[in-house]
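1. task: produce atomic coordinates for the following.
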Amino acid sequence: MFKNSRKRFDIVPNVFTCNILLKALCKKDDVEGAVKVLDEMPSMAMVPNVVSYTTIMGGYVDRGDMVGAKRAFNELLDRGWLPDATTYTVLMDGFCKLGKFIDATKVMDEMEENGVEPNDVTYSVMIEALCKENKSGEALNMIIDMLEKKYVPSSGLCCRVIDALCREGKVDKACDLWTILLIKNCTPDNAILSTLIHWLCNEGKIWEARKLFDEFDRGSIPSVLTYNTLIAGMCDKGELCEAGRLWDCMVERGCPPNSFTYNLLIKGFCKKGYANEGIRVLEEMLDKGCPPNESTYSILIKGLCESGCEADISNVLNVVASRNVEIKSDSWKVLVDKFVANRGSTGVTLERILSAKSSIETANSSIETTSAT
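-> Reported below is the predicted structural model:
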């Protein structure tokens, strides 16, 4: 059809048409078919251009065949074409995917020696590779160079550099990247903020995380994920009052807490020995129409057991039964492990719990019957 398009449809294909066909064939992993079209282009009075050869290179790269990609690159040079940034980047990406970072670096050096400036994709490919190679310092330097060239790194790329830096214990350097982004008028988003807050809290620097949050809050709206990340850090360090303030701020800003937010508070209260407060949070959660997830009951029941509040477990189960909520098997396992180990002193409580369990199963069975009819 392609060869006879002029005769059958009175349409004359050009090099751009051929390049679209080459891309489609490579996408289907038919690189051999694409090479055949490339070889036949001159017979159709068309000269393959840089895009044509770069497309073939991309097909080989997707296969992990760097010998084929390099062969297409050399053919491009032999035909008198000058590779552009995209051509070099495809070659670099292929080497990086195979873990051959030194070869990718050589290609980038060759690129710059030939006067071809890296583009944003080039930087992204190399920065990703540096992060995988645990060379976070070099990745940071390259993202700074990228910013100097007026390219804006994606949020995901910044997060990966922050992760790489923090995994190597360079949290301060990760904070420097935040400052550099602001200086270069690249406002960090919630994903970058959440990533940095996570690592700061992980290092115990919760007040630095709070300061960063407040700085962001002055010009942007924090997401549920951002609030949750900071609340998690506060709860983990026992700063429940601060976690509560963040909760209030979250609600006031019209950012409704999700089940993960409630779980964080429940876990925080239980960790500090205030499991009864966890019950209050559960009740509020249900009243607000936020469905508990698999972890909610396990967290609360485990907290009640560890706090010596076994008698309150039946209250939790009664709350659940009254709302026809299903309890997952892992929650029952926590109870069984607890009461089998202490069956001599907790018989009455266990009886109440089993009674509540029976009520829940009966309620759930009624719901299923009603739904079936």
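
2. can we go C-alpha only for contacts and neighbour counts from here?
-> OK.

3. helices of the stretch 51-200 of the chain, start to end?
-> For the stretch 51-200 of the chain, the helices defined by DSSP state H, counting those that start in this stretch occupy 66-78, 85-97, 101-113, 120-132, 136-148, 155-167, 171-183, 190-202.

4. the ones you listed: which one's closest to residue 14?
-> Each of those has some distance to residue 14 by C-alpha to C-alpha; the shortest is helix 66-78, at 18.8 Å.

5. for residue 217, find the nearest of the helices of the stretch 51-200 of the chain.
-> For those, the distance to residue 217 is smallest for helix 190-202, at 10.2 Å, taking C-alpha to C-alpha.

6. let's have the helices of the stretch 51-200 of the chain in CSV, adding mean pLDDT.
-> Output for these, formatted as CSV (pLDDT from 0 to 100):
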stretch, mean pLDDT
helix 66-78, 96
helix 85-97, 96
helix 101-113, 94
helix 120-132, 96
helix 136-148, 95
helix 155-167, 96
helix 171-183, 95
helix 190-202, 96
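
7. with mean neighbour count and distance to residue 223 added, can I get those helices in JSON lines?
-> Output for the helices of the stretch 51-200 of the chain, formatted as JSON lines (neighbours: other C-alpha atoms under 10 Å; distance: least, C-alpha to C-alpha, whole Å):
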{"stretch": "helix 66-78", "mean neighbour count": "17", "distance to residue 223": "43"}
{"stretch": "helix 85-97", "mean neighbour count": "22", "distance to residue 223": "33"}
{"stretch": "helix 101-113", "mean neighbour count": "16", "distance to residue 223": "36"}
{"stretch": "helix 120-132", "mean neighbour count": "21", "distance to residue 223": "26"}
{"stretch": "helix 136-148", "mean neighbour count": "19", "distance to residue 223": "25"}
{"stretch": "helix 155-167", "mean neighbour count": "21", "distance to residue 223": "15"}
{"stretch": "helix 171-183", "mean neighbour count": "17", "distance to residue 223": "18"}
{"stretch": "helix 190-202", "mean neighbour count": "22", "distance to residue 223": "6"}
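
8. which among those is found nearest to residue 256?
-> helix 190-202 (16.1 Å).

9. which strands or helices does the closest one pack on?
-> helix 155-167, helix 171-183, helix 206-217, helix 224-236 (3 or more C-alpha pairs under 8 Å, 6 or more residues apart in numbering; DSSP states H and E).

10. just to revisit the earlier point, among the helices of the stretch 51-200 of the chain, which comes closest to residue 209?
-> helix 190-202 (5.1 Å).

11. the strand or helix carrying residue 300 - contacts with which helices or strands?
-> Taking DSSP states H and E as the criterion, residue 300 maps to helix 294-306. Judged by 3+ C-alpha pairs under 8 Å, 6+ apart, helix 294-306 is in contact with helix 259-271, helix 275-287, helix 310-322, helix 329-341.

12. averaged pLDDT, the last one. What do you get?
-> If I follow you right, that is helix 329-341. The average pLDDT for helix 329-341 rounds to 63.

13. from what I see, residue 54 and residue 87 are in contact.
-> Yes - here residue 54 reaches residue 87: they are 5.3 Å apart, a contact under C-alpha atoms under 8 Å.

14. ok, how many other residues are close to residue 79?
-> 12 (other C-alpha atoms under 10 Å).

15. and the pLDDT at it?
-> Each residue has a pLDDT score; the one for residue 79 is 93.

16. would you list the phi and psi of it?
-> phi -80, psi 0 (degrees, to the nearest 10).

17. from here on, count from 2
-> Sure thing, new numbering starts at 2, so read that last one as residue 80.

18. what residues are up against it?
-> Not one residue lies near residue 80 by C-alpha atoms under 8 Å, 6 or more residues apart in numbering.

19. give me the distance between it and residue 107.
-> Residue 80 sits 22 Å away from residue 107, taking C-alpha to C-alpha, to the nearest Å as the criterion.

20. what do you get for residue 292?
-> Residue 292 sits 54 Å away from residue 107, going by C-alpha to C-alpha.

21. for residue 215, same thing?
-> According to C-alpha to C-alpha, residue 215 and residue 107 sit 43 Å apart.

22. any idea how far residue 193 is from the residue positioned nearest the centre of the chain?
-> Centroid-nearest residue in the chain, with C-alpha atoms, centre = their mean: residue 157, separated by 7.8 Å. The gap separating residue 157 from residue 193 is 8 Å, by C-alpha to C-alpha.

23. same thing with residue 158?
-> Residue 158 is 9 Å from residue 193, by C-alpha to C-alpha.

24. show the model's pLDDT score for residue 306.
-> Note on residue 306: pLDDT of 77.

25. ignore what I typed, I meant residue 356.
-> You'll see residue 356 listed with a pLDDT of 58.

26. could you list the low-pLDDT ranges of the stretch 202-351 of the chain?
-> Applying pLDDT under 70 to the stretch 202-351 of the chain flags residues 311-312, 320-351.

27. redo that, cut-off 90
-> Low-confidence segments of the stretch 202-351 of the chain, defined by pLDDT under 90: 219-220, 254-255, 271-351.
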